[in-house]
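>>> Below: sequence and its predicted model.
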Amino acid sequence: MEKKVLVLSGINLVDGGALSVYQDCLNELISCGYGEKCKIYALVNSKKFFNTNKQVEYIEFPRSKQSWLFRLYYEYFYFKKLSKRLNAYYWISLHDITPNVHATKQYVYCHNPSPFNRMKITDAKYGWKYYLFSKFYKYLYAINIKKNTAVIVQQDWMRKEFKKMFQIDNIIVSRPSIPATKTIVSAPAEKTIFVCPSYPRYYKNFEVVCKAARLLNEKGINNFQVIITVDGTENKYSKDLVKEFNNVESIDFTGLLSRNNLYDVYSKSKCLIFMSKLETWGMPIIEFKSTGQGMILADLPYCHETCGNYDNVSFVRPDDFNRLAVEMKKIIDGDKLGINRISKPNTPFAKDWRELFSMIL
């Protein structure tokens, strides 16, 4: 019996969480035995980003990151010819855009939250690409979106937004794979330590944390330390951040930390602060949950959903540094925060890649 052809497309994925999604997807496909059932093609920027497997045929597109013109040419013109040549039965696009292809079943995995970003023109100084994405990415999402057998998103709040924005119902919520995290045993510290881990992009919203720390210092509260994983050398946003807040006594700008060093900081911290305005998941929330310590999170849908059921958490509006300072003071005083309870998303829902594959393949 001839195998059905499965094409995975992610020619623009070269780093970060999006690349991890592609790597995890391929690894799980093989682990679940789909390499025996299907002929798998992986469309990639470069094979060097993957642990190649003999059950997968890799097709490289090294020019896909050179310009958006190449990307759009591949998605809307070249892939139509390629899908016919490969005789694709399944086509899964793992990076937001629904290509123009011939396939019996077609899916798109959407994980870029740019259309839901309320970015101000004054923030464009930290990256015109982010600003343009916030204004125009929804139109890229919209092209061909109704051709899909189903649209796959990471959280239920995105399902609701997509349903409203594009008038579609065929949406599957599929959780990203969560890497195994070692149990973190909290170690004693002289001061109350707060940790704010992230790469410094403008929407990570470190400034609200800095303002809250400065406010507490101005009130004579100094028995705490806020560890922020930037040092001012990464980009213009971090440079401006450090320049404005470097003189705040309780802030420690450490620079980016290795995973082991970050987990060491977690073990000494009494609270995670994660106030990012734009995420589809928020991995530090998952990583820190194993401590059982406090978490102060942005009062946004992704935080509530990623946090899940937890007994020591507060949610603060992203720009409200006064309220953030109040919640930080509770941690400094040894108080517990609130309780978060969240129900399982409506169906269709897949808790991991394995469940998703059983639904769509």
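Thanks, I have it.
>>> Low-confidence stretches in the stretch 1-150 of the chain?
1, 16-17, 119, 122-128, 130, 134 (pLDDT under 70).
>>> got the residue ranges for the helices in it?
16-31, 34-37, 68-73, 79-86, 128-142 (DSSP state H, counting those that start in this stretch).
>>> Tell me which of those approaches Cys271 most closely.
Closest of those to Cys271 is helix 16-31, at 23.7 Å (criterion: C-beta to C-beta). Using the backbone N, CA and C atoms, a C-beta is placed for each residue, glycine as well.
>>> how about the closest one as PDB, C-alpha atoms only?
This file holds the C-alpha atoms of helix 16-31, laid out as PDB (Å, rounded to 0.1, in the frame of the first residue of the first chain):
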ATOM      1  CA  GLY A  16      13.600  30.600  19.500                       C
ATOM      2  CA  GLY A  17      10.300  29.000  20.500                       C
ATOM      3  CA  ALA A  18       9.000  28.700  17.000                       C
ATOM      4  CA  LEU A  19      11.900  26.600  15.900                       C
ATOM      5  CA  SER A  20      11.500  24.400  19.000                       C
ATOM      6  CA  VAL A  21       7.900  23.900  17.900                       C
ATOM      7  CA  TYR A  22       9.100  22.500  14.600                       C
ATOM      8  CA  GLN A  23      11.800  20.300  16.100                       C
ATOM      9  CA  ASP A  24       9.300  18.900  18.700                       C
ATOM     10  CA  CYS A  25       6.700  18.300  16.000                       C
ATOM     11  CA  LEU A  26       9.100  16.300  13.900                       C
ATOM     12  CA  ASN A  27      10.500  14.300  16.800                       C
ATOM     13  CA  GLU A  28       7.100  13.400  18.000                       C
ATOM     14  CA  LEU A  29       5.900  12.400  14.500                       C
ATOM     15  CA  ILE A  30       8.800   9.800  14.400                       C
ATOM     16  CA  SER A  31       8.200   8.800  18.000                       C
END
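>>> Just checking the distance from it to the centre of its chain.
Centre-to-centre, helix 16-31 and its host chain are 14 Å apart (C-alpha atoms, centre = their mean, to the nearest Å).
>>> before we move on, the earlier item: turn the helices of the stretch 1-150 of the chain into CSV, columns for mean neighbour count and distance to Tyr203.
Below are those laid out as CSV (neighbours: other C-beta atoms under 10 Å; distance: least, C-beta to C-beta, whole Å):
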stretch, mean neighbour count, distance to Tyr203
helix 16-31, 18, 14
helix 34-37, 15, 36
helix 68-73, 14, 21
helix 79-86, 17, 31
helix 128-142, 16, 7
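>>> Now tabulate the ones you listed in TSV and tack on distance to Lys236.
As requested, the helices of the stretch 1-150 of the chain are exported to TSV (distance: least, C-beta to C-beta, whole Å):
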stretch	distance to Lys236
helix 16-31	19
helix 34-37	44
helix 68-73	22
helix 79-86	36
helix 128-142	12
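>>> quick one, which of those is nearest to Lys105?
Ranking the helices of the stretch 1-150 of the chain by proximity to Lys105 (C-beta to C-beta) places helix 79-86 first, at 11.9 Å.
>>> So Leu297 lies in a strand, does it not?
Yes - counting by DSSP: H, G, I helix; E, B strand; the rest coil, Leu297 is found in a strand.
>>> Report the beta-bridge partners for it.
Phe274, Phe315 (DSSP bridges).
>>> residues near it, how many?
Number of residues near Leu297 (other C-beta atoms under 10 Å) recorded here: 27.
>>> ok so, going back, so which of the helices of the stretch 1-150 of the chain gets nearest Leu337?
helix 16-31 (27.0 Å).
>>> just checking, what packs against that closest one?
strand 4-10, strand 38-44, helix 353-360 (3 or more C-beta pairs under 8 Å, 6 or more residues apart in numbering; DSSP states H and E).
>>> one step back: of all the helices of the stretch 1-150 of the chain, which lies closest to Tyr107?
Checking these against Tyr107 by C-beta to C-beta gives helix 16-31 as the closest, at 11.3 Å.
>>> Tell me which of the helices of the stretch 1-150 of the chain sits nearest to Gly220.
Closest to Gly220 of those, according to C-beta to C-beta: helix 128-142, at 38.1 Å.
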